[in-house]
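[1] coordinates only, sequence not included:
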């Protein structure tokens with residue numbers, strides 16, 4: 001296995017921070033990266049594709065796979081709403097000669113970092129303010145008052161972990177944050 005395929009990049013952020021936009025940019029940047037597709041028990045949204053956005057499985061199937069030790073990491077993010085990383089995803093990506101990039105929940109990201117140590121780079125994408133985060137979430141047009149409150153409460157909790165990451169990138173201006181992430185990851189992969 002070469003140096004790149006032994007490495008993992010972990011990108012975490014509160015919902016609405018721009019994490020997914022930055023990860024998509026990195027995947028299209030020419031860096032030897034492939035996205036680890038997470039498994040989830042949440043309902044599939046209309047625009048999502050099984051096997052590309054997530055592996056959509058039932059909560060019962062998720063629990064069964066947990067008991068079979070098929071996950072590198074997993075979290076019950078909301079009640080009966082599980083997210084996790086299957087070991088088979090890492091093998092798929094490393095066999096293609098690429099580094100794994102994770103777009104995961106903060107606690108899942110910290111667990112992955114502990115597992116891989118120096119072969120992992122953990123990056124936290126931070127919004128400028130909670131108010132800015134609220135505006136971004138409202139701009140999606142997908143939040144009810146209840147889900148907005150739940151996401152903002154969770155975001156405040158997740159922001160308390162930013163200092164546990166190797167690098168924090170402030171996403172005030174998307175293209176600036178994308179360039180910073182590219183430079184950081186490019187240098188990490190060269191080590």
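    Nice, I can see it. What you see is a predicted model; the values in this text were computed from it and never measured.
[2] Not counting its own residues, what contacts whichever helix or strand residue 189 is part of?
    For residue 189, the host element (DSSP states H and E) is helix 174-190. Here helix 174-190 makes contact (Cβ atoms under 8 Å, 6 or more residues apart in numbering) with 3-4, 7, 9, 11, 18, 21-22, 25-26, 29, 31-33, 99, 121, 123, 125, 167, 169-171. Any C-beta I mention is one placed from the backbone N, CA and C, and that applies to glycine too.
[3] State the distance from the most centrally placed residue in the chain to residue 10.
    Nearest to the mean C-alpha position of the chain, by Cα atoms, centre = their mean, lies residue 103 at 1.7 Å. Separation of residue 103 from residue 10 (Cβ to Cβ, to the nearest Å): 9 Å.
[4] next one: residue 175
    From residue 175 to residue 10 the distance is 22 Å (Cβ to Cβ).
[5] Next, count neighbours for residue 79.
    Number of residues near residue 79 (other Cβ atoms under 10 Å) recorded here: 6.
[6] can you pull the contacts of it?
    With Cβ under 8 Å, 6+ apart, residue 79 has no contacts at all.
[7] go on, residue 158?
    Here residue 158 is in contact with 12, 13, 14, 106 (criterion: Cβ under 8 Å, 6+ apart).
[8] cool, residue 119 as well?
    The contact partners of residue 119, by Cβ under 8 Å, 6+ apart, come to 6, 7, 8.
[9] distance between stretch 181-189 and the chain's centre?
    Counting by Cα atoms, centre = their mean, to the nearest Å, stretch 181-189 is centred 17 Å from the centre of its parent chain.
[10] pLDDT (mean, whole number) over it?
    The predicted model gives stretch 181-189 an average pLDDT of 97.
[11] Check stretch 74-89 too.
    Rounded mean pLDDT across stretch 74-89 is 89.
[12] Show me which positions of it end up buried.
    For stretch 74-89, the neighbour count (16 or more other Cβ atoms under 10 Å) marks 74, 75, 77, 82, 83, 84, 85, 86, 89 as buried.
[13] now that stretch, how far from the chain's geometric center?
    Relative to the centre of its chain, stretch 74-89 is centred 12 Å away, using Cα atoms, centre = their mean.
[14] Low-confidence ranges, the chain, go.
    The model of the chain has pLDDT under 70 over residues 1-3, 5.
[15] Start and end of stretch 129-147, how far apart?
    19 Å (Cα to Cα, to the nearest Å).
[16] now do stretch 29-37
    Stretch 29-37 end-to-end distance (Cα to Cα) = 19 Å.
[17] Perfect, I'm done here.
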